[in-house]
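**Q** this one's structure only:
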């Protein structure tokens with residue numbers, strides 16, 4: 001009998017513990033359903049928002065830096081190409097007076113000069129002119145064009161021979177030249193008024 005009583009007592013204790021556990025489980029379930037954020041949860045959410053803002057900022061900095069580097073690469077590539085194009089500019093500038101002298105010699109050459117001498121001078125002039133043209137030299141067309149201070153240097157003004165040449169270039173005293181698209185020598189011109 002005592003064993004039965006002990007067994008009943010243990011069963012009652014078990015049921016009491018079971019009921020107590022059930023009540024605790026219900027309270028936890030209610031807390032989960034009616035969960036109000038605690039200070040700790042708010043800190044976690046706040047920290048998450050801070051991290052998102054910081055991530056966005058870092059991504060923005062990365063994109064800016066990346067695009068800046070791409071622009072730098074394009075700019076340096078263009079500068080390098082321009083440098084290769086105009087690397088021989090000083091040499092070509094030094095040869096322009098020689099080209100001018102050949103042109104003056106050919107126009108001032110008398111008609112009775114030996115034809116072989118005239119042909120030799122013409123051949124040398126053509127060879128020099130072709131070589132400089134291959135290196136990117138291009139003569140500036142000026143006669144009859146409007147005056148442009150970006151390309152021309154006005155020496156003087158004279159009365160225009162005709163009305164259509166007013167404020168236009170009527171004579172070129174010294175030819176102007178481009179090296180590719182860059183002006184390396186301005187044309188010295190006379191303007192009609």
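**A** Looks like it came in fine. Computed from a predicted structure; not experimentally measured. Residues are numbered from 1 along each chain as shown.
**Q** what helix or strand is residue 154 on?
**A** For residue 154, the element it lies in under DSSP states H and E is strand 152-158.
**Q** tell me how far the longest helix anywhere in the chain is from the chain's mean position?
**A** If you go by DSSP state H, the chain has its longest helix at helix 39-85. Here the centre of mass of C-alpha atoms in helix 39-85, compared against the chain's by CA atoms, centre = their mean, to the nearest Å, lies 18 Å away.
**Q** related to what we said a few turns ago, gap between the helix or strand that the strand holding residue 154 is followed by and the chain center?
**A** Next along the chain after strand 152-158, taking DSSP H and E as the criterion, comes strand 169-174. Chain-centre distance of strand 169-174: 38 Å, with CA atoms, centre = their mean.
**Q** Check what pLDDT residue 185 gets.
**A** Residue 185 is assigned 93 on the pLDDT scale.
**Q** Likewise for residue 32?
**A** For residue 32, the pLDDT comes out at 59.
**Q** Also residue 165?
**A** pLDDT at residue 165 comes out at 82.
**Q** my read: it touches residue 193, true?
**A** No: counting by CB atoms under 8 Å, residue 165 stays clear of residue 193, with 9.5 Å between them. C-beta coordinates here come from the backbone N, C-alpha and C atoms, glycine included.
**Q** And the two? Which one has more around it.
**A** More neighbours surround residue 165 than the other of residue 165 and residue 193, with 17 against 12 (other CB atoms under 10 Å).
**Q** Pop out the phi and psi values for the residue lying closest to that one once chain neighbours are set aside.
**A** Distances taken as CB to CB, 6 or more residues apart in numbering place residue 192 nearest to residue 165, at 4.3 Å, with adjacent residues excluded. The phi/psi pair for residue 192 (degrees, to the nearest 10) reads phi -90, psi 140.
**Q** give me the number of residues near residue 192?
**A** For residue 192, the neighbour count with other CB under 10 Å is 20.
**Q** check contacts around it.
**A** Contacts for residue 192 (CB atoms under 8 Å, 6 or more residues apart in numbering) come out as 157-161, 165-170.
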